[in-house]
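In: Model the following, please.
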Amino acid sequence: MNEIITGIDIGSNNVVCVVGKVEGRDINVIGYSKVPCDGLRNGIVVNIDKTVRAVKEAIDEAESKSGEVIRTAYVGIKGSHIHCFKNEGATAISGSDKEITVEDIRQVIESAKAIRVPSGSEIIHVIPQEFIVDGQGGVDSPPIGMEARHLGVKVFIVTASVTAISNIVRCINKAGVEVNEVILSSIANSEVAVSKEEKQLGVVLVDFGAQTVDIVMFVDGNIKDIKEIQIGGDFITRDIAHFFRISIKEAERIKESFGVSSTSLIKEDEEIQALGIDRRRKIIISKEKLSEVIEERLREIFLEIRRVIESSGVKDLIPGGIVFTGGSALITGLTEMAEEFFWGLPARIGYPLDIKGSDEIISSPIYTTGCGLIKYAISNEVPSLGGKPSIRSVRKPPFSKLFSWIKKLF
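Out: Have a look, this model is predicted:
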């Protein structure tokens, strides 16, 4: 039986919509779109009307390509309002036979959720990382059916602003679509951008967006930490605009068409024609000088990423290297520069893995989050077990994914 699932990734510069046909565990992308949007700043809606128009346009285009009517979607969110915590929970096994049941799993995770959430925020993800059975750790899946007196769990908790979520959901609803679930974009990204083997080995996923860079660090198969820095590809665009005195739109075109991460990659300098701010005067830009401007800002961004990795204590635990996604990861030579900058670790672009579709989808990091939202929806991985935002259009009950996931195991 085929199922149609839609993922909507609302970024600071674009709305990306991906429609997938799910056959068993296979995902075939049958519709997609990318529409400019300037209704958000750093993941927060600042203009409802602009955002709704962009979402509606993205949905219409994806529907046209797929031939499907989009009624519901999984939606990615990000922003400085996101906070992450680690916590532990424990419960006594009450059954007479001391056999761990689904209810025991629910109770132990509920106990782990009992934390003080920042004012105005809600838990959107509770990710079990390790179960502890009678003091014995290292159990990485729910130990249903095992015998024990006590059950513990270590979890990774993600919270988000209720207001920020409400406004995102409101925009999707106004575009005529209900929200199945809001998902942290970087978690969705990790569903398809990095493999299980890389997560087990230790890897860092960097979502290089327009206004933010989101960093997810994996060690021993689990999320070690998630961080966001308030700087992104738009900073490079503005540097180009200011240095060469051209418009932001023209600077973005120049960056995408001719941008190179380092002057060392330029074999022969060439001249690039651009229009001045008045859209009349022609300006000649040296490709070598352009790369100098880009390299200077990239080094600053890479330095911030390196500081995050070092402060999180994973520098020596990530032999899998660095994986980049997001539109700003398309700058020519970015991975080569990263390998030099990040202690000689391997670096690559994170294209959607194990996703079927056109070359535009499977060969671009721009659509990785949209594909990841679909993969998240059907994933056999241990699901998020947190409470969902108290918004009526977010329809999944808190533990529906837990029960459906357990059914797949037995």
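In: tell me, what residue is most central in the chain?
Out: Centroid-nearest residue in the chain: Ser186, 2.2 Å away (criterion: Cα atoms, centre = their mean).
In: Could you double-check that that one sits in contact with Lys78?
Out: Yes - with contact defined as Cβ atoms under 8 Å, Ser186 reaches Lys78; the gap is 6.9 Å. Just so you know, the C-beta spots here come from the backbone N, C-alpha and C atoms, and that holds for glycine as well.
In: Next, show the common contact partners of these two.
Out: Shared contacts of Ser186 and Lys78, defined by Cβ atoms under 8 Å, 6 or more residues apart in numbering, comprise Asp207, Asp214.
In: re the thing from before, am I right that the residue nearest to the centre of the chain is in a strand?
Out: No - Ser186: not assigned to a strand; according to DSSP: H, G, I helix; E, B strand; the rest coil it is helix.
In: ok, it to Leu353 distance?
Out: From Ser186 across to Leu353, the span is 16 Å (Cβ to Cβ, to the nearest Å).
In: Now do the helix or strand where Glu292 lies, average pLDDT.
Out: Under the criterion DSSP states H and E, the helix or strand holding Glu292 is helix 287-311. Averaged across helix 287-311, the pLDDT comes to 97.
In: Which strands and helices lie in contact with that helix?
Out: strand 203-208, strand 213-219, strand 222-229, helix 233-244, helix 248-258, strand 271-275, helix 334-341 (3 or more Cβ pairs under 8 Å, 6 or more residues apart in numbering; DSSP states H and E).
In: for the shortest one, packing partners?
Out: Based on contacts counted as 3+ Cβ pairs under 8 Å, 6+ apart, the elements that strand 271-275 packs against are helix 248-258, strand 282-286, helix 287-311.
In: same question for it, mean pLDDT?
Out: Strand 271-275 shows an average pLDDT of 92 in the prediction.
In: again with the second one
Out: Regarding strand 213-219, the rounded mean pLDDT is 97.
In: Repeat that for the last one.
Out: For helix 334-341, the per-residue pLDDT values average out at 96.
In: helices and strands around it, which ones?
Out: helix 287-311, strand 322-325, strand 347-349.
In: And the residue of the chain most remote from its centre, what's its pLDDT?
Out: Outermost residue of the chain with respect to the C-alpha centroid, by Cα atoms, centre = their mean, is Ser96; its distance is 43.6 Å. Listed pLDDT for Ser96 reads 81.
In: and the gap between it and Leu265?
Out: From Ser96 to Leu265 the distance is 69 Å (Cβ to Cβ).
In: go on, Val203?
Out: The gap separating Val203 from Leu265 is 25 Å, by Cβ to Cβ.
In: what does Gly43 give?
Out: Gly43 sits 32 Å away from Leu265, going by Cβ to Cβ.
In: which one of the two has more residues nearby?
Out: The neighbour comparison of Gly43 against Leu265 (other Cβ atoms under 10 Å) goes to Gly43, with 25 against 13.
In: Quick check: the more buried one touching Thr51?
Out: No - if you go by Cβ under 8 Å, Gly43 and Thr51 don't touch, sitting 11.6 Å apart.
In: which residues of the stretch 51-200 of the chain score low on pLDDT?
Out: Low-confidence regions of the stretch 51-200 of the chain, defined here as pLDDT under 70, do not occur.
In: What segments of it are helices?
Out: Secondary structure of the stretch 51-200 of the chain (DSSP state H, counting those that start in this stretch): helices located at 102-112, 162-174, 185-193, 196-201.
In: Pick the most deeply packed of those helices.
Out: Of the helices of the stretch 51-200 of the chain, the one with the most neighbours on average (mean count of other Cβ atoms under 10 Å) is helix 185-193, at a mean of 28.
In: buried residues in the helix holding Glu292?
Out: 287, 290-291, 293-295, 297-298, 301-302, 304-305, 308-309 (16 or more other Cβ atoms under 10 Å).
In: Of these, which is the nearest to Asn222?
Out: The closest of the buried residues of helix 287-311 to Asn222 turns out to be Ile309 (Cβ to Cβ; 16.2 Å).
In: if I pick the closest one, what's in contact with it?
Out: Ile309 touches Val204, Ile215, Met217, Lys315, Ile318, Phe342, counting by Cβ under 8 Å, 6+ apart.
In: before we move on, what about Ser286?
Out: Contacts of Ser286 by Cβ under 8 Å, 6+ apart are Asp269, Glu270, Glu271, Ile272.
In: next one: Ser111
Out: For Ser111, the contact set (Cβ under 8 Å, 6+ apart) comprises Gly89, Ala90, Thr91.
In: Tell me the buried residues within those residues.
Out: Buried members of those, scored by 16+ other Cβ under 10 Å, are Gly89, Thr91.
In: Quick check: of the contacts of Ser111, which lies closest to Ile361?
Out: Gly89 (39.4 Å).
In: what's the burial count for the nearest residue to Ile248 once chain neighbours are set aside?
Out: Among residues not flanking Ile248 along the chain, Ala241 sits closest, at 5.1 Å (Cβ to Cβ, 6 or more residues apart in numbering). A total of 19 residues lie near Ala241 under the criterion other Cβ under 10 Å.
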